[in-house]
Structures are given as structure tokens and as C-alpha cells.
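Next one to model:
(chains A and B)
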Amino acid sequence: MAAELNAAPADDRLHFYDVALHSRLLVGTALYPSPAILAEALSASGAEVVTVSLRREAGGGRAGESFWGLIRAQNLRVLPNTAGCRTVKEAVATAQMARELFATPWIKLEVIGEEDTLQPDVFGLVEAAKILCAEGFEVFPYMTEDLVVAEKLLDAGCRVLMPWGSPIGSGRGLNNLFGLRALRAHFPGVPLVIDAGLGAPSQAAQAFELGYDAVLLNTAIARAGDPVAMARAFKAACEAGRGAFLAQTIEPRDMAAPSTPVLGKAFT
Amino acid sequence: MRLNVNGEPLEVRARNLDALIAELDYPAELVATAVNEQFVRAKERAATALDEHDRVEILTPRQGG
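Okay, the predicted model is just below:
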């Protein structure tokens, strides 16, 4: 029987803008085998925030209504995205539509710049962030781990940053540990979320061990052989990683250091 | 009048956005709208006249990552 992890203190809350959260795992709602498995996986993940989108639907269709009913029944906070937007104009209009429909100032801002990697267009991202922050949005920018872009997004008014771990849906984990460490070190007071690229719970734990405040993932759970069990595994990994960060891991060293006392050894 | 609705050409009777949503049988409270890439608030739909070949987007909540 697995023991509950209690490494993090009870008041170890995550703050996004003025909202305090207990769960540090944000989960996407796409690609699940069925609505029932989505609902069960969300529950198993312990997530308090889920990402959603806006899409076209034929007149008379009710897919959107059905999905939205499922999410509302879970009583979760939603983070709408601007997924797939390739221009500032598209991203801003989509964000404005999302704010009205989902009744939240939160927006996961994506301005995609490259099709193969779905890498963000950081120039468009900064421009869109300036517009949206000025309009009162609380922007969660999907960005690369670039320090200069981070600075400009903060100047624009963003109070959360979401660097990618690796390309969306790739499952490659944290591609640039040096860059992610540097970002963490440069912005110690800013909530940082690893968004995209995580495939295994160990990669989520690694993000927390680096000092990241939260992780956002979708494909790793939705496309797992057993999404509900994987949601549970990610929940445990996030708690383990956060607990390890707070407990302060040892510094790595090149040479061995015996753990059993040398003093008192026989035959010496 | 001929419009482009959600990327498809469509012949409609409606002359404003509110009427278009009703004509196409969308649940008005569960859609967000834009005309020619400009967001149109729900309360402004009735006053938003449509012109020939306008590009209308009518979006609903959907799964996202």
C-alpha cells in the first residue's frame, strides 16, 4: 500500500495572480479516450485548474455544451487557451472571446511560430501579452526558457510564466536543464510553470526539484495506456518533487563519500 | 445574404449577429462571436449588422491542452 506523501507543509500553496491553490498539477482536457475517462482522470489528478479551448461547432451541434457541462460538474477553475493562434490579432480576439464565454480573466496565451515544434513566436507573444494585460487579462504566457523574453513578459504585466519543457506532446521532458535553472534563478519570486513536453511522472518531479512551482500537461495523461492511473502517478510525482525541493536535496559531487562511518571499521 | 460562417460559405436570412445565431440554432449563452476577426460581445450582437461576405466566427467551449 502506498503511503501518502506529506513532505510539503499544509500551507504550501501556489499563487496565480490573487488565487491560492493547493494542487500544483494543471491538466489539459483534450485527447482522452472518452468523457467518462476524462472526468475520472481529472478527479484522480487532484488538479484544481484545467485548460480548455474555443472551437467552431456546426449550428445545432451540442458537443461544446456537453463538454462544458462535464467541466462545470467537476467544479474546477478553467484556464482557457489560445491554442493554434499564429498571429497577435488571432490570439487577442480568441482571448477576448474566451473571457466572455468562460467568465475568467485568465488566459493561457499561445502564439505559435513554428509548425514542426509548435514553438512559441516570442515576438508576437510579448506584443499580445502587452495588449491583453492592458485590457485586464491575467496572462499565462506559453514561452521558451529565454531570459530576455521572460523579462519583457513581466514588463508587459504577466505575473506567471510558463516555459516549455520540450515541444507540445513530445514527452521528451526537460530539454534544456541549464536554461530552465537559469530562468528559475533569475526570477525567484515569479510563479514558474513547466508547460508542455512532459511524458513521465519522473520528469514532473524533476521540474519541481529544480524549483518550478507547477507543471501543466495533457498528452502524458490522456494518451497513457491507463489515463486514470497515470493521473494518479503524476499527482504523486508532483507531491514528491515539491516535497524534495522543500526538503533541500544534497549537492551532487564527483567522488564517492562513504555513508557508513569509517571510524571503528575492523581490520584497519 | 451570403456570409462566411466558421470558414464555410452560407446563405442566410439574418441581418444581424443575434439573428444569425438564432437562425443557425446555436445556444446564444454558450457561444462567443467575432466578425471579420474582431470580437463581438454578446450584448452587442443585436446591434451588429452583417454585410455581404462578412466572416463570422461562432465558437463554443471545447477540450484544450
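
For the rest of this, base every contact and every neighbour count on C-alpha atoms.
Noted.

For chain A, which helix or strand comes out least confident on mean pLDDT?
helix A:63-73 (a mean of 93; mean pLDDT, DSSP states H and E).

Tell me which strands the helix or strand just after it pairs with, and in which orientation.
On the C-terminal side of helix A:63-73, the nearest following helix or strand under DSSP states H and E is strand A:77-80. Looking at strand A:77-80 with DSSP bridges, its partner strands are strand A:49-56 (parallel).

quick one: the helix or strand in which B:Pro61 is found near chain A?
In this assignment (DSSP H and E), B:Pro61 forms part of strand B:55-63. Yes - using C-alpha under 8 Å from any C-alpha of the partner chain, strand B:55-63 reaches chain A at B:Glu57, B:Ile58, B:Leu59, B:Thr60, B:Pro61, B:Arg62, B:Gln63.

relative orientation of that strand and strand A:49-56 in degrees?
150 degrees (axes from the mean of the first three to the mean of the last three C-alpha atoms, to 10 degrees).

so A:Arg99, which of the three states?
helix (DSSP: H, G, I helix; E, B strand; the rest coil).

What sits closest to it if chain neighbours are left out?
Nearest residue to A:Arg99 in three dimensions, chain neighbours excluded: A:Pro105, at 5.7 Å (C-alpha to C-alpha, 6 or more residues apart in numbering or on different chains).

Could you report the separation of the one you found from chain B?
Going from A:Pro105 to chain B by C-alpha to the nearest C-alpha, to the nearest Å gives 15 Å.

Could you do A:Ala83 as well?
On the measure of C-alpha to the nearest C-alpha, A:Ala83 and chain B end up 8 Å apart.

Just the pLDDT at that residue, thanks.
Note for A:Ala83: predicted pLDDT of 96.

Report the contact partners of the closest residue to B:Ala49 other than its chain neighbours.
Using C-alpha to C-alpha, 6+ apart and skipping the chain neighbours, the partner closest in space to B:Ala49 is B:Asn16 (4.2 Å). Shown in contact with B:Asn16 (C-alpha atoms under 8 Å, 6 or more residues apart in numbering or on different chains): B:Arg45, B:Ala46, B:Ala47, B:Thr48, B:Ala49, B:Leu50.

Which member of these is positioned nearest chain A?
Using C-alpha to the nearest C-alpha, B:Arg45 comes nearest to chain A of the contacts of B:Asn16, at 12.9 Å.
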